[in-house]
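**Student:** coordinates only, no sequence provided:
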Ligand SMILES: [Zn+2]
């Protein structure tokens, strides 16, 4: 058989390794896909499942019944195991894993394999992980378990050592650009700027292109960076209100903002605009750059890093966000070339 993983963008090493294992009939019984969110770990897990279950010579074909059922999540030999809401954050409970284990020892109805995917493996409770461990140690011949997580350190070391670990890495800008040109039919210059924005994470480009709520959040973020220039605490807090929706939202904004600062820094030191992540905002970045000293950028970056850490360790979200914004406003200076800039921007 021949394997062709066409849906996941980039990750050539991972693809090659899995394709070789499939073609030589040497699949592992346990895989761990690790790496930052947005790199295609879930997509790859689905592609691998389809490739395993698809009967065609070149698999996955995405046209046969097996492939379609994997896509729809209805294939009898394919399970996608997600957490249930318990309190605020979804967890994969020990009961869920126990029912998986019960199922895993039953032979497949047809074909050779049964494929189990836990796409957010770090949401397994410790008891759930312990329950899974025994199956990973003595898996039935027909079972393939795929775990995926951005945070492998949240899994038991014994789980990690029982899986073949595949690391997903940021994708080259050119790879994302050609994907956008070919699959999304974008013109070259637009694709280049969106690929820069993706900053190694293909899902970011796709969300920016297709997800209206993502676009709105981004707009709110841009307005927040603009509001800094007014040097007014109340305005900043008002514009930053959307950060307080939930923790993940706040962390997302801070990550973007840190990239934004790197872009400001590049322009302040006269670097190439080609290096910018937010290329489509170059004029705005140039304007804002005049309001910051080069020496304050690392300090602001550090303040944001501290805020992220505080948010992660379950501090009071509203308090952290508001104090950060107040501190940020105090770091903004009067622009030294205001008139020049105004004329530059009017052109
Ligand atoms: Zn197929």
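**Tutor:** Alright, I've got the coordinates. Computed from a predicted structure; not experimentally measured.
**Student:** quick one: mean pLDDT over stretch 65-77.
**Tutor:** Averaged across stretch 65-77, the pLDDT comes to 95.
**Student:** buried ones in that stretch?
**Tutor:** Of the residues in stretch 65-77, 66-67, 69-71, 75, 77 count as buried by neighbour count, 16 or more other Cβ atoms under 10 Å. C-beta coordinates here come from the backbone N, C-alpha and C atoms, glycine included.
**Student:** same check, this time on stretch 227-238
**Tutor:** For stretch 227-238, a neighbour-count test (16+ other Cβ under 10 Å) marks 227-229, 235-237 as buried.
**Student:** dump the buried residues of stretch 65-77 to JSON lines, plus distance to the ion and secondary structure.
**Tutor:** Shown next, in JSON lines, are the buried residues of stretch 65-77 (distance: Cβ to the ion, whole Å; DSSP: H, G, I helix; E, B strand; the rest coil):
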{"residue": "66", "distance to the ion": "5", "secondary structure": "helix"}
{"residue": "67", "distance to the ion": "3", "secondary structure": "helix"}
{"residue": "69", "distance to the ion": "10", "secondary structure": "helix"}
{"residue": "70", "distance to the ion": "8", "secondary structure": "helix"}
{"residue": "71", "distance to the ion": "10", "secondary structure": "helix"}
{"residue": "75", "distance to the ion": "11", "secondary structure": "coil"}
{"residue": "77", "distance to the ion": "13", "secondary structure": "coil"}
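**Student:** pLDDT value on residue 212, please?
**Tutor:** Listed pLDDT for residue 212 reads 96.
**Student:** mind listing what the residue lying closest to residue 196 once chain neighbours are set aside touches?
**Tutor:** Using Cβ to Cβ, 6 or more residues apart in numbering and skipping residues adjacent in sequence, the residue nearest residue 196 is residue 279, 4.7 Å away. Going by Cβ atoms under 8 Å, 6 or more residues apart in numbering, residue 279 touches 192-193, 196-197, 273.
**Student:** mind checking how far stretch 81-94 is from the chain centre?
**Tutor:** Between the centre of stretch 81-94 and the centre of its chain there are 20 Å (Cα atoms, centre = their mean, to the nearest Å).
**Student:** how is the protein partitioned into domains?
**Tutor:** 2-167, 211-346 (automatic domain parsing).
**Student:** now do the contacts for the residue nearest to residue 151 when sequence neighbours are not counted.
**Tutor:** Closest residue to residue 151 apart from its sequence neighbours, by Cβ to Cβ, 6+ apart: residue 122 at 4.8 Å. Residue 122 makes contacts with 149-152, 154-155, as judged by Cβ under 8 Å, 6+ apart.
**Student:** same question for residue 190.
**Tutor:** Contact partners of residue 190, counting by Cβ under 8 Å, 6+ apart, are residue 180.
**Student:** just to revisit the earlier point, for the domains of the chain, which one sits closest to residue 181?
**Tutor:** Closest to residue 181 of the domains of the chain, according to Cβ to Cβ: domain 2-167, at 12.3 Å.
**Student:** longest single strand anywhere in this structure?
**Tutor:** Secondary structure assigned by DSSP state E gives strand 143-149 as the longest strand of the chain.
**Student:** check which helices and strands it is in contact with.
**Tutor:** Secondary-structure packing of strand 143-149 (3 or more Cβ pairs under 8 Å, 6 or more residues apart in numbering; DSSP states H and E): strand 30-34, helix 41-53, strand 114-118, helix 126-137.
**Student:** again, 6 Å this time
**Tutor:** Contact analysis of strand 143-149 by 3 or more Cβ pairs under 6 Å, 6 or more residues apart in numbering; DSSP states H and E lists strand 30-34, helix 41-53, strand 114-118 as its packing neighbours.
**Student:** what's the following helix or strand after the second one?
**Tutor:** Past helix 41-53, further along toward the C-terminus, the next helix or strand under DSSP states H and E is strand 58-59.
**Student:** contacts for that next one?
**Tutor:** Counting by Cβ atoms under 6 Å, 6 or more residues apart in numbering, the neighbours of strand 58-59 from elsewhere in the structure are 2, 4, 51.
**Student:** in its sheet, which strands sit next to it, and in what direction?
**Tutor:** For strand 58-59, the pairing partners within the sheet under DSSP bridges are strand 2-3 (parallel).
**Student:** tell me if the strand it pairs with is near the ion.
**Tutor:** No: using Cβ under 5 Å from the ion, we find that strand 2-3 stays clear of the ion, coming within 11.5 Å at best.
**Student:** right, and the helix or strand after that strand?
**Tutor:** Counting by DSSP H and E, the next helix or strand C-terminal to strand 2-3 is helix 12-23.
**Student:** report the angle between that next one and helix 41-53.
**Tutor:** Interaxial angle of helix 12-23 relative to helix 41-53 (axes from the mean of the first three to the mean of the last three Cα atoms, to 10 degrees): 20 degrees.
**Student:** list the buried ones in helix 12-23?
**Tutor:** Neighbour-count burial for helix 12-23 flags 14-15, 18-19, 21-22 (criterion: 16+ other Cβ under 10 Å).
**Student:** who's in contact with that helix?
**Tutor:** By Cβ under 6 Å, 6+ apart, the list of residues contacting helix 12-23 from outside reads 3, 5, 27, 48, 51, 166.
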